[in-house]
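Chemist: need coordinates for the following:
(one chain, ligands or ions: 1)
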Amino acid sequence: MDFKSGFIALTGSPNVGKSTLLNALIGTKIAIVSKKPQTTRNRITGVLTGADYQMVFMDTPGLQSPKNKLGEFMLKTAEQTAREVDAVLFVADAKVGVREKDEAALSRLAASEVPLVIALNKIDAVDEARIEEQEKILEKYGEKVFRISAAERLGLAGLIEHLKCYLIEGPMYYPADMVTDQPERVLAAEFIREKALKSIGKEIPHGIGVVVEKIEREAGKNITHIDAVIYCEKDSHKGIIIGAGGRMLKKIASAARADMQLLFGEKVFLQVWVKVKPDWRNKLLVLRSLGYDERQ
Ligand SMILES: Nc1nc2c(ncn2[C@@H]2O[C@H](COP(=O)(O)OP(=O)(O)OP(=O)(O)O)[C@@H](O)[C@H]2O)c(=O)[nH]1
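Modeler: Next comes the predicted model:
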């Protein structure tokens, strides 16, 4: 039996459910899910290994018009990823429908040499007529549109079966029991960011970045010590993040800690500080120091 492997980029507009899909496919919480668009800043890789195949998924940020340096960086990462892979999986949202920007991205992808697979997500949330209507639009760009619900895990087996067609004879890139190659530092930061966005995202639109400054294992004890800093733009935001009597920060940290313990499989001691760095999003140097590496 020949072993097949390959890289698949997961792309689509913000909030269509790419991270949810990646989590559903891989079966472990690795990508970050939130109701706010644009939460996927890093190229989180998920690895799905079967008896005779391995698919390496790249979760790319949404392909929208950039509004600042961070936006530019995100678009560049997304487009670069889309060129380096064996197939691109484009996710559309049946609930909000296929918009002009989705069609613009689809026609760019359809014109490139990389095979394009289209999935229509959130079919659990709409009726059949709506699905058929959206499917018709999508069929202009790819021969088959897969109806799926990432949240309800519908249609995923068929999608995986089809994606296998694009794998080529090749090595197992990652050990079979590995689901992600993201360093724990990045994952830990993403967990904190996810929890913060969930609790206070409305008040601080896209205004936080998280840096994990220390990860230290206590030898022989199954304990990890993690120190992290949440950066925000204004003093008033700092106040919101910390909350009355420090309660909000405590809530964010303990929710993030629970996820970390689950993923790392050991006890985690987490300390989180909040610091103000005005306009951090537009400062490339700051971005780099926050771990957003342009070379990715
Ligand atoms: N009803 C329904 N909701 C879904 C489904 N998949 C995802 N969602 C919801 O859609 C929202 C966005 O999901 P994400 O997985 O974060 O979307 P994303 O495309 O990764 O978003 P970005 O990181 O911003 O690019 C979340 O509230 C999910 O719970 C689905 O199959 N059905």
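Chemist: number of residues surrounding residue 18?
Modeler: Residues within reach of residue 18, counting by other Cβ atoms under 10 Å, total 28. (C-beta placed from N, C-alpha, C; glycine too.)
Chemist: then residue 85?
Modeler: 21.
Chemist: now residue 173
Modeler: Applying other Cβ under 10 Å, we find 16 residues neighbouring residue 173.
Chemist: from the chain's centroid, how far away is the helix or strand hosting residue 211?
Modeler: Using DSSP states H and E, residue 211 sits in strand 209-218. In terms of Cα atoms, centre = their mean, to the nearest Å, the centre of strand 209-218 is set 20 Å apart from its chain centre.
Chemist: buried residues in that strand, which are they?
Modeler: Using 16 or more other Cβ atoms under 10 Å as the test for burial, strand 209-218 gives 209, 210, 211, 212, 215.
Chemist: close enough to count as contact, the last one and residue 226?
Modeler: So the one you mean is residue 215. Yes - if you go by Cβ atoms under 8 Å, residue 215 and residue 226 touch, sitting 5.4 Å apart.
Chemist: which neighbours do the two share?
Modeler: Listed as contacting both residue 215 and residue 226 by Cβ atoms under 8 Å, 6 or more residues apart in numbering are residue 188.
Chemist: which bits of the stretch 101-250 of the chain sit near the ligand?
Modeler: Residues of the stretch 101-250 of the chain lying close to the ligand by Cβ under 6 Å from any ligand atom are 121, 122, 124, 125, 149, 150, 151, 152.
Chemist: buried residues in stretch 116-132?
Modeler: 116, 117, 118, 119, 120, 121, 122, 123, 126, 131.
Chemist: show me where pLDDT drops low in the stretch 151-296 of the chain?
Modeler: Across the stretch 151-296 of the chain, the ranges flagged by pLDDT under 70 are 174-183, 205-206, 279-296.
Chemist: so the closest residue to the ligand within it, which of the three states?
Modeler: Taking Cβ to the nearest ligand atom, the ligand has its nearest neighbour within the stretch 151-296 of the chain at residue 151, 3.4 Å off. Secondary structure assignment for residue 151 (DSSP: H, G, I helix; E, B strand; the rest coil): coil.
Chemist: which residue packs closest to residue 162, ignoring adjacent ones?
Modeler: residue 117 (6.5 Å; Cβ to Cβ, 6 or more residues apart in numbering).
Chemist: other residues contacting whichever strand or helix holds the one you found?
Modeler: Using DSSP H and E, the element containing residue 117 is strand 116-121. Strand 116-121 has contacts (Cβ under 8 Å, 6+ apart) with 16-17, 20-21, 87-94, 106, 109-110, 131, 134-135, 138, 141-142, 144-150, 155, 159, 162-163, 166.
Chemist: cutoff 7 Å now
Modeler: 16-17, 21, 87-94, 109-110, 131, 134-135, 138, 141-142, 145-150, 159, 162-163 (Cβ atoms under 7 Å, 6 or more residues apart in numbering).
Chemist: just the ones of those residues in helices?
Modeler: 21, 109, 110, 131, 134, 135, 138, 159, 162, 163 (DSSP state H).
Chemist: out of those residues, flag the one nearest to the ligand.
Modeler: Using Cβ to the nearest ligand atom, the ones in helices among the contacts of strand 116-121 come closest to the ligand at residue 21, 6.7 Å.
Chemist: residues contacting the closest residue to that closest one other than its chain neighbours?
Modeler: Distance criterion Cβ to Cβ, 6+ apart; nearest residue to residue 21, sequence neighbours excluded, is residue 150 at 3.9 Å. Residue 150 makes contact with 17, 20, 21, 24, 121, according to Cβ under 7 Å, 6+ apart.
Chemist: wait, what's in contact with the third one?
Modeler: Meaning residue 21. The contact partners of residue 21, by Cβ under 7 Å, 6+ apart, come to 10, 91, 121, 150.
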